[in-house]
Every structure is written in C-alpha cells, then in structure tokens.
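Colleague: A predicted structure for the sequence below; I have some questions about it.
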Amino acid sequence: MPDYLGNIPVSEIAPGGVFPLVPDYPHGRAQAPEVAVHQFGSGNTKIEQRFLLGTGAERFTVRKARLREGDRIALRDFWETKYGPYGAFTYNAPNEDGLGTTAYTCRFANEPLSWEMLGAAVCSLGVTLIEIPSSSPTYTLNQTVNRFPPAALQNALLSQVQEIVPLVKIVAKQPGYPAIYVSDRRCTIGGQLYQARLLEFDGISQSIGNESDEARFVFGNADRVMRALANDVDLYRAALEFSLFHVATGIKLDLWKGEIIDWSFDAGPEFHVRAADGIYELNLPYPTRRISRTCWKQFKDGAGCPYVGPDTSCDKGFDTPNGCRTHGMDDYFGGIIAKHTAVR
C-alpha cells in the first residue's frame, strides 16, 4: 500500500532484476554518518559540538579491473533499463568474512556510468551502489515542549554529540484536508509517520528587533509529488510547523510556526517554500486601504462619524460644500487631506 502526502499517493519503486556483475576483490563497503560541527567562539574556537544528522546510506563499490565486452554491454543495458539512479534492484554483496553473499536492495548512485577501454574488447570500471533501507527507525515520543527546552533537555544538550531530527507539519486551510508530515528521513515518531521529503531549511532566527522570520524550506520533487500536492490543495496561507526531535531524550521541541506565503518549482527536483510568522503583516509597506481624498466612514453612524445635526447626507469630502468641515467633523475625516496642485 503506497504512502500518501495529503491526498496524493507516493509511488513505491519496486525492485526488479539482479545486478549483473560480481565485484573483484577487494570490494568496497562504506557507511559514513552525516555530521554538522558547531564551533564555539571561546577557547580560540577549539571547543566544538557535533550534531549527528543521520547514519547515512550504505554504499557499495563495485570495481572490475578487466571487464569483457559482453559483461560491459550487459551492465550498460541494465543501467538503461533502470533509468540510471531511478530504478531499484537486488545486489548480492560479498560478506566481510568472505563467506557467501547478502542480498541488498540498491540503486545506482547519481553519477554517469563510464568505463575505460583497455583494448578492443576489454575495459575497466567502477560503479557505486546505494542501499535502499527496507525499514525505517521508530522513536518513542516522551514529551512535547514549546520553544524553550525543559531541564531534562537542557542537560542532554550539554553533550558533545547530539542526534536531532527536523520535522515539518503542514496544515492546509481547506477543511478536512489531511495534514502533511515530512522530514529529512523516513521515520515514525510517537506513532506518526514522517516521510523523507525535506532537503534544506533556513531563515529561522531570533532577534531583539522588529523583523519577522522568513523561513525557507526545500522539498524533494523529483517524483513530482509536491507539484501534484500544490495542484490538489491551495498551499497559500497553510500553517507550517517546524519542530526538532531530540533522539536521546525523546522530546519534540516545537520551535517555530508560520504560514506559507509563497512556493515555486521548475523542471528540477526541488520544490521551494517560503513561510513567515503572523507578525509579518504588521510591517508590510503598503496601507490597509486605498489612498483617497474622500471619507470612507458611514455618515451619521454614531461611531466613526458622530454627527447629530439635522443634515441627512454628506458628499464625503473634507472642505467641500457638504463635507466634514461643513458638518463640524474635521477631526473625524477618514480620507487623506491633499490639495490639488496647480500646473504652471
């Protein structure tokens, strides 16, 4: 059963076929965790804290020093049938102890397939394969806090190594439309599935000025799911919540919330979203109503225009025969006082 992003199904790539080559010895296998390093200004910037972004995908290196022409053609055709790095297949990777193999679901790395010809019918090449995990991690949600961490999280953040998962929740204005939960990895937190869709995020900060935050998010759109989502529901003014999940303590920190004010995409694999908090409208550089020399208030309504005289009409002007000044309502004029300028 496919996953859904809103009402849009996310198609699954079913693995098909077996990688046609057997790697030469020595074969390569690597899994490098992604780490972000934050350096402190004290101690001549020699003090740092590391944030574990994820375990990273397991990569297999297949090298062939002497590849026959028939095997080269078989690999080329196999690569074309998988549309390069898009398709999935089974790779029988040799075990580290040299005894037997283990089947992994993999895809080609996002790089061109190339080889070096050694003669008329012999070549050498190296191919990198990336594992597609068969399962995603599940975390227990112990507590949800708002912006300011509790004592337990404050103490845990003093550790030199942290593992934090960014989470995004989008709720459209359309009543009854399913909420959208995405992250930079596929995981389940507190029973809620977050799909791997978030590529980048920035713009969230805190200052003592009156500037509002303008957050920017980049979501993956190579499969055109985000495009279909934007066509299915109006994302303008949709509520966007950004949270951070601390893996060691199981605490989810709801850090920021705003509304989507713009989104864009092109033929590339990215879907860009801009969001701002609710205070940004107070600083917009345009007036709340149209500039006019006429008063916008209703005449003699007892609120905006407290006139109590015998007149029953007003021409909405300021210094006009039947305007605000004539009725003694100079201080309640709702238009802009701007005199006409003569042209010489």
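Modeller: Yep, that arrived.
Colleague: doesn't His27 make contact with Pro94?
Modeller: Yes - using C-beta atoms under 8 Å, Pro94 and His27 qualify as a contacting pair, with a distance of 5.4 Å. For every residue, glycine as well, the C-beta is placed using N, CA and C.
Colleague: which residue ranges form the strands in the stretch 101-250 of the chain?
Modeller: The residue ranges that make up the strands of the stretch 101-250 of the chain, judged by DSSP state E, counting those that start in this stretch, are 101-108, 115-117, 122-131, 138-139, 143-146, 161-171, 180-183, 187-189, 192-196, 198-202, 214-220, 239-246.
Colleague: what mean pLDDT does stretch 266-277 get?
Modeller: The average pLDDT within stretch 266-277 is 90.
Colleague: buried ones in that stretch?
Modeller: Buried positions in stretch 266-277, judged by neighbour count with 16 or more other C-beta atoms under 10 Å: Pro269, Phe271, His272, Val273, Arg274, Ala275, Ala276, Asp277.
Colleague: can you put those in a markdown table and add distance to Val122?
Modeller: Below are the buried residues of stretch 266-277 laid out as a markdown table (distance: C-beta to C-beta, whole Å):
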| residue | distance to Val122 |
| --- | --- |
| Pro269 | 37 |
| Phe271 | 45 |
| His272 | 47 |
| Val273 | 51 |
| Arg274 | 54 |
| Ala275 | 56 |
| Ala276 | 60 |
| Asp277 | 63 |
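Colleague: which one of those is nearest Tyr4?
Modeller: Nearest to Tyr4 among these, counting by C-beta to C-beta, is Phe271 at 16.8 Å.
Colleague: summarise which helices and strands the one helix or strand the closest one maps to is packed against.
Modeller: When elements are assigned from DSSP states H and E, Phe271 belongs to strand 270-276. Helices and strands touching strand 270-276, as assessed by 3 or more C-beta pairs under 8 Å, 6 or more residues apart in numbering; DSSP states H and E, comprise strand 214-220, helix 225-232, strand 251-265.
Colleague: let's see 6 Å
Modeller: In this structure, strand 270-276 makes packing contacts with strand 214-220, strand 251-265, judged by 3 or more C-beta pairs under 6 Å, 6 or more residues apart in numbering; DSSP states H and E.
Colleague: buried stuff in the shortest one?
Modeller: Buried residues in strand 214-220, counting neighbours by 16+ other C-beta under 10 Å, are found at Glu214, Ala215, Phe217, Val218, Phe219, Gly220.
Colleague: go on, the longest one?
Modeller: In terms of neighbour count (16+ other C-beta under 10 Å), strand 251-265 has its buried residues at Ile251, Lys252, Leu253, Leu255, Trp256, Lys257, Gly258, Glu259, Ile260, Ile261, Trp263, Phe265.
Colleague: what comes into contact with that strand?
Modeller: Residues from elsewhere that reach strand 251-265 (C-beta atoms under 6 Å, 6 or more residues apart in numbering): 141, 143-146, 153, 204, 221, 227, 235, 237-238, 240-245, 271-277.
Colleague: buried ones among the residues you listed?
Modeller: Buried, going by 16+ other C-beta under 10 Å: 145, 153, 204, 221, 235, 238, 240-245, 271-277, out of these.
Colleague: between the buried residues of strand 214-220, which is nearest Gly17?
Modeller: Using C-beta to C-beta, Gly220 is the member of the buried residues of strand 214-220 that sits closest to Gly17, with 24.8 Å.
Colleague: show me what the closest one is bridged to.
Modeller: Counting by DSSP bridges, Gly220 forms beta bridges with Glu270.
Colleague: give me the neighbour count for Phe148.
Modeller: Around Phe148 sit 9 other residues, with neighbours defined as other C-beta atoms under 10 Å.
Colleague: ugh, typo on my part, it should be Leu118
Modeller: Residues contacting Leu118 under the criterion other C-beta under 10 Å number 12.
Colleague: quick one: residues contacting it.
Modeller: With C-beta under 6 Å, 6+ apart, Leu118 has no contacts at all.
Colleague: can you give me the distance of it to Arg197?
Modeller: 43 Å (C-beta to C-beta, to the nearest Å).
Colleague: can you add pLDDT and give the buried residues of strand 214-220 back as CSV?
Modeller: Output for the buried residues of strand 214-220, formatted as CSV (pLDDT from 0 to 100):
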residue, pLDDT
Glu214, 80
Ala215, 89
Phe217, 95
Val218, 95
Phe219, 95
Gly220, 92
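Colleague: from these, pick the one nearest Ile8.
Modeller: Comparing these against Ile8 with C-beta to C-beta picks out Phe219 as the nearest, at 12.6 Å.
Colleague: list the contacts for the residue nearest to the closest one when sequence neighbours are not counted?
Modeller: The shortest distance from Phe219 to any residue other than its chain neighbours is 4.4 Å, reached at Phe271 (C-beta to C-beta, 6 or more residues apart in numbering). If a contact means C-beta under 6 Å, 6+ apart, then Phe271 has Phe219, Asn221, Met226, Phe265 as its contacts.
Colleague: farthest pair in the buried residues of strand 251-265?
Modeller: With C-beta to C-beta as the measure, no two of the buried residues of strand 251-265 lie farther apart than Ile251 and Phe265, at 33.8 Å.
Colleague: domain map for this protein?
Modeller: The chain is divided into the following domains under automatic domain parsing: 3-131, 138-283, 289-344.
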